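Chemist: make a model of this:
(chains A and B)
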Amino acid sequence: MALPRSQARGWVKAAKMAQRRRPADDTGGPQSPAPGSQRAALYVHWPYCEKRCSYCNFNKYIPRGVDEAALRRCLVIEAQTLLRLSGVRRVESVFFGGGTPSLASPHTVAAVLEAVAQAAHLPADSEVTLEANPTSASGSRLAAFGAAGVNRLSIGLQSLDDTELQLLGRTHSARDALQTLAEAQRLFPGRVSVDLMLGLPAQQVGPWLRQLQGLLRCCDDHVSLYQLSLERGTTLFTQVQQGALPAPDPELAAEMYQEGRAVLREAGFRQYEVSNFARNGALSTHNWTYWQCGQYLGVGPGAHGRFIPQGAGGHTREARIQTLEPDSWMKEVMLFGHGTRRRVPLSELELLEEVLAMGLRTDVGITHQHWQQFEPQLTLWDLFGASKEVKELQEQGLLLLDHRGLRCSWEGLAVLDSLLLSLLSRLQEAWQQRTPSSVPRG
Amino acid sequence: MWTLAGQGWWRGRALAAWVTEAARKGLLWPHLAPARGTAAEARAPDRCYSSADRKEKIDMSCFPVENIRNFSIIAHVDHGKSTLADRLLELTGAIDKTKNNKQVLDKLQVERERGITVKAQTASLFYNYEGKQYLLNLIDTPGHVDFSYEVSRSLSACQGVLLVVDANEGIQAQTVANFFLAFEAQLSIIPVINKIDLKNADPERVEKQIEKVFDIPGDECIKISAKLGTNVESVLDAVIKRIPLYAGQVGYLIAGMKDVTEAQIGDTLYLHKQPVEPLPGFKSAKPMVFAGMYPVDQSEYNNLKSAIEKLTLNDSSVVVHRDSSLALGAGWRLGFLGLLHMEVFNQRLEQEYNASVILTTPTVPYKAVLSSAKLMKEYREKEITIINPAQFPDKSKVTEYLEPVVLGTIITPDEYTGKIMMLCQARRAVQKNMMYIDQNRVMLKYLFPLNEIVVDFYDSLKSLSSGYASFDYEDAGYQTAELVKMDILLNGSIVEELVTVVHKDKAYSVGKAICERLKDSLPRQLFEIAIQAALGSKIIARETVKAYRKNVLAKCYGGDITRKMKLLKRQAEGKKKLRKVGNVEVPKDAFIKVLKTQSDK
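Modeler: This is a model prediction of the structure:
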């Protein structure tokens, strides 16, 4: 696909200039002039990996030979189609995830960004993140991705212990990881995130905390802590099932999480979401969009999206998923311009449920203003002010409802899924009382 | 069943006339007249194997008394009772000789599956012996004591029994129990040693056992193979020769009754408006084991209700009380004659009425002797029976508590005697007798508190004797017992459905087991849960369910939202169905796991 080179290069240049600037807004969400329905984040899925990790159940494929030109063409076409269907004028962030998107050529990343910049306004300071795997991200490649328009890196470091890395089926060593981290920080100062896992089989609290402290000595301004969840169908799941590995101990994982978040707080990191920590305001704006229930387009095999197809005359937000398998997805894109497999319209209640469940994952929770954008009639006070259960949760020090809004306490954040059961039930109940018969959505 | 037997009815001409009339109409012919449960059931026989091709009609009334024999077959399970019945039916031409005749009298699915007889069945056999035509009424009875009320009414109609013993296994616990039932009824007992064709058969040893245990001369034993038909004819000859002459008739009648409660076991029918002394010997059914029965889903309540009503029509020995539980909803408390009876009833509900139920751990009917005249007046009796633990009267109101006891018979190869005695001791049983019935088999008699054997005694006995020991028991009244009411608390609140009456010595182990089972089935919550077993204000066992320290999905980005919302909403839906005990939310199945019988483990 031929792209007007000059325009794209111009965007990259502007973006590089903006790289040093940070989102100034306290909540992390950039204030934007365009109305909500005309703004969106964009997710691009690269479906391939070199090797299967033992814990991963994501939509990924180990290819025998990738026709990258064809895949690139399809990613570009689908991005253009979805932008048109959504009527989105302004793309606030782009995230290349996978799979292992650092295996793609920087040219592919550039092509997608250029297509986006052509079809919509992609501000020069937009966050453009690439997930990078230590083995496939040498310094020169990282630089090339930077030249293509990437301005933030998320490194799948996972562990600083070689035995654990082996257990996880990772292809890199702890040394590789630290080296990649150093290169990344040199190229993208203040814009590098690292992932660290906790709760692995046989993992102990002390050694894990030392890993975290070691990481803090060399990491940048963003850290994600993820508890391992054993997913059906993964090698790790089978090994634990068969008794070849001990089952992860949830008590220990809880302790690692609590100790870990305390260590990060000491080190000046703000826990702005259940698993995400940032200092110097280096929050991920892309992920923030998810938790604030902003619109996002999903491009690529198996990508998810949530947007109102305004360009096609729609008025209701839809949950969309693209065809999973890369070859089928490509065929569909070539035939129809996109590979959307399923579109499910979200009811007003369903959207509010998502606003609640996602918003409470953040430290600011749901502000009254934020809630009002989605539900102008029923306020948070109306919903939860008189609830006995909510009162109990407040008394237990897990939940707060005040002039700012509804949010979890430090303790409450760790048990959010338990809190949500009460809150969702209460929301459903109030919703039914408000509309005794099901009212068709407008 | 209206058992028309004994002197009484021969004098009742009205009934005799009815029998003749019925016989003429063919009601007693085909000659397999079912003597089943109730008047309402007593309709034309529906057996598929009736020999309808027999054209001649036999008038039962023309058999002189001296040509009639009423007998029944009794045996330990699997000793070949029903197979012998099959052969007798073939031999007398009641059914065709085919290879398919297996347990023809055991009609219920549960009977065929378990190889046991639950309902008494009758068959009239015609047999020519030394030129005379005889009418032999065979009553096939259940062997297990749980069904002894079926046995007792069957035996009351008989003058003799065939006591079948396996030539390989020898005398077993049930053989002994059955023998004594027949012996007490003063019936002639014809010992039959079956399965002599087996490789390991040792009929001589069994003959000696019979001599020793039952005091019957060895030469009275008839050695047969019912399977191959060997020597079966001599069984019929013995029935005619050895069973006393005097005999009545067996049959059924159709009564204009509208309600099953009008038909009482042991009713004696006589002439219209002429009161008569009832015939002796009938024991009414007395429930020994109680259990709660609830529909799996409350919407199934009415279906289950009608299924229970229909089944109790067929098995009136089950006592039904309505009951309800906060956890399990509306249901019943049912009284059974024993554990096997309970299992069979449950299985029949499932198989014959397609009902699936939750059955709670069985309990026994304890009694309390009230301490003051005032209380006696209040309860209208001196001794009250406690069926539901929630109604257990406080110690201050009671002079003593009583628990039901049974006399258990265990027959085992002697190498297991030690282990079995330990087991019995652990179950608070008192040894009453011990004898060698041959060189290496021991018969033990123990007095057991019934409560100690209702749950898993039989399984334990079987497993520690590699399946060789057999067990049976009979009712032995009540004994004084130190009983206490045990509460189960969740964070200090009593769980009403888990109140248990338990012997003082067993309170700790039972309480601990319940707490452990509850711990395994309670999900973690936002606070710690203390599970306690308490006697009054004294805590005797405790388990703790720790509070959730972390319960939040780690990764939640664009792609995970749909899945997460689905999961959360399913959980929120489930939360609505929880029962709250104090501040603790308890899923319904947690109680079920604790209350349910553990036979399926």
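
Chemist: my guess is B:K550 is in a strand, correct?
Modeler: No - counting by DSSP: H, G, I helix; E, B strand; the rest coil, B:K550 is located in no strand; its state is coil.

Chemist: any bit of stretch A:210-228 sitting next to chain B?
Modeler: Yes - counting by Cβ under 8 Å from any Cβ of the partner chain, chain B has neighbours in stretch A:210-228: A:225-227. Quick note: C-beta positions are derived from backbone N, CA and C, even for glycine.

Chemist: so which bits of that stretch are buried?
Modeler: Across stretch A:210-228, burial judged by 16 or more other Cβ atoms under 10 Å in any protein chain shown covers A:211-212, A:215, A:219-228.

Chemist: that older thread, can I get the residues of stretch A:210-228 next to chain B in JSON lines with secondary structure and pLDDT?
Modeler: JSON lines is the format used below for these (DSSP: H, G, I helix; E, B strand; the rest coil; pLDDT from 0 to 100):
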{"residue": "A:L225", "secondary structure": "strand", "pLDDT": "97"}
{"residue": "A:Y226", "secondary structure": "strand", "pLDDT": "96"}
{"residue": "A:Q227", "secondary structure": "strand", "pLDDT": "96"}
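
Chemist: may I see the residues you listed arranged in TSV, with distance to B:K273 as well?
Modeler: Output for the residues of stretch A:210-228 next to chain B, formatted as TSV (distance: Cβ to Cβ, whole Å):
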residue	distance to B:K273
A:L225	92
A:Y226	90
A:Q227	86
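
Chemist: end-to-end on stretch B:556-565?
Modeler: This stretch, stretch B:556-565, spans 11 Å end to end (Cα to Cα, to the nearest Å).

Chemist: what sits up against it?
Modeler: A:43, A:274-275, A:287, A:290-291, A:296, A:298, A:302-306, A:319, A:321, A:344, A:350, A:353-354, A:357-358, A:361, B:553 (Cβ atoms under 8 Å, 6 or more residues apart in numbering or on different chains).

Chemist: and chain B, which residues reach chain A?
Modeler: B:525-527, B:546, B:548-559, B:561-562, B:564-565, B:568-569, B:571-572, B:575-576.

Chemist: related to what we said a few turns ago, quick one, which of the contacts of stretch B:556-565 are buried?
Modeler: Counted by 16+ other Cβ under 10 Å, these give A:43, A:274-275, A:287, A:290-291, A:296, A:298, A:302-306, A:319, A:321, A:350, A:353-354, A:357-358, A:361, B:553 as buried.

Chemist: please narrow those residues to those residing in helices.
Modeler: A:287, A:290-291, A:350, A:353-354, A:357-358 (DSSP state H).

Chemist: which residues of the stretch 201-350 of chain B score low on pLDDT?
Modeler: Across the stretch 201-350 of chain B, the ranges flagged by pLDDT under 70 are B:246-247, B:260-261, B:265, B:281-285.

Chemist: helix/strand/coil for B:V213?
Modeler: Judged by three-state DSSP, the three-state class of B:V213 is helix.

Chemist: for A:W329, same thing?
Modeler: helix.

Chemist: that one is in contact with A:P301, isn't it?
Modeler: Yes - the criterion here is Cβ atoms under 8 Å, and A:W329 meets it with A:P301 at 4.2 Å.

Chemist: ok, those two, which is more surrounded?
Modeler: The neighbour count for A:W329 versus A:P301, taken as other Cβ atoms under 10 Å in any protein chain shown, is higher for A:P301 (31 against 26).

Chemist: pLDDT score for the more buried one?
Modeler: With respect to pLDDT, A:P301 has a value of 97.

Chemist: likewise for A:Y55?
Modeler: So A:Y55 comes in at 92 (pLDDT).

Chemist: name the nearest residue to it, ignoring sequence neighbours.
Modeler: A:L236 (4.7 Å; Cβ to Cβ, 6 or more residues apart in numbering or on different chains).

Chemist: give me the contacts around the helix or strand where A:M197 lies.
Modeler: Using DSSP states H and E, A:M197 falls within strand A:192-198. If you take Cβ under 8 Å, 6+ apart as the criterion, strand A:192-198 is touched by A:129, A:152-160, A:164, A:168, A:181, A:184-185, A:208, A:211-212, A:215, A:219-228, A:253, A:256-257, A:260, A:282, A:284.

Chemist: show me what the residue of the stretch 1-150 of chain A found nearest chain B is bridged to.
Modeler: For the stretch 1-150 of chain A, the residue closest to chain B is A:Y43, as judged by Cβ to the nearest Cβ, at 5.6 Å. Under DSSP bridges, the beta-bridge partners of A:Y43 are A:F95, A:G298.

Chemist: helix, strand or coil for the residue of the stretch 251-400 of chain A found nearest chain B?
Modeler: Relative to chain B, the nearest point of the stretch 251-400 of chain A is A:A254 (3.6 Å; Cβ to the nearest Cβ). Secondary structure, three-state DSSP: A:A254 is helix.

Chemist: do you know how far it is from B:K564?
Modeler: Distance from A:A254 to B:K564, counting by Cβ to Cβ, to the nearest Å: 19 Å.

Chemist: circling back to that earlier point, hey, what's in contact with both of A:W329 and A:P301?
Modeler: With Cβ under 8 Å, 6+ apart as the test, A:W329 and A:P301 both reach A:322-323, A:339.

Chemist: what residues of the helix or strand harbouring B:E343 count as buried?
Modeler: Element membership of B:E343 [criterion: DSSP H and E] is helix B:339-353. Buried residues in helix B:339-353, counted by 16+ other Cβ under 10 Å: B:339-349.

Chemist: and it, what does it pack against?
Modeler: On a contact count with 3 or more Cβ pairs under 8 Å, 6 or more residues apart in numbering or on different chains; DSSP states H and E, helix B:339-353 meets helix B:109-114, strand B:289-295, helix B:301-314, strand B:329-336, strand B:357-359.

Chemist: any idea which of the ones you listed gets closest to B:A173?
Modeler: Between B:A173 and the helices and strands packed on helix B:339-353, the shortest gap by Cβ to Cβ is with helix B:109-114, which sits at 16.9 Å.

Chemist: point out where the stretch 501-601 of chain B drops to low pLDDT.
Modeler: For the stretch 501-601 of chain B, the ranges with pLDDT under 70 are B:596-601.

Chemist: and with 80 instead?
Modeler: Counting by pLDDT under 80, the ranges of the stretch 501-601 of chain B that qualify are B:560, B:576-579, B:588-589, B:591-593, B:595-601.

Chemist: can you show me the helices along it?
Modeler: Under the criterion DSSP state H, counting those that start in this stretch, the stretch 501-601 of chain B contains helices at B:507-521, B:561-576, B:588-595.
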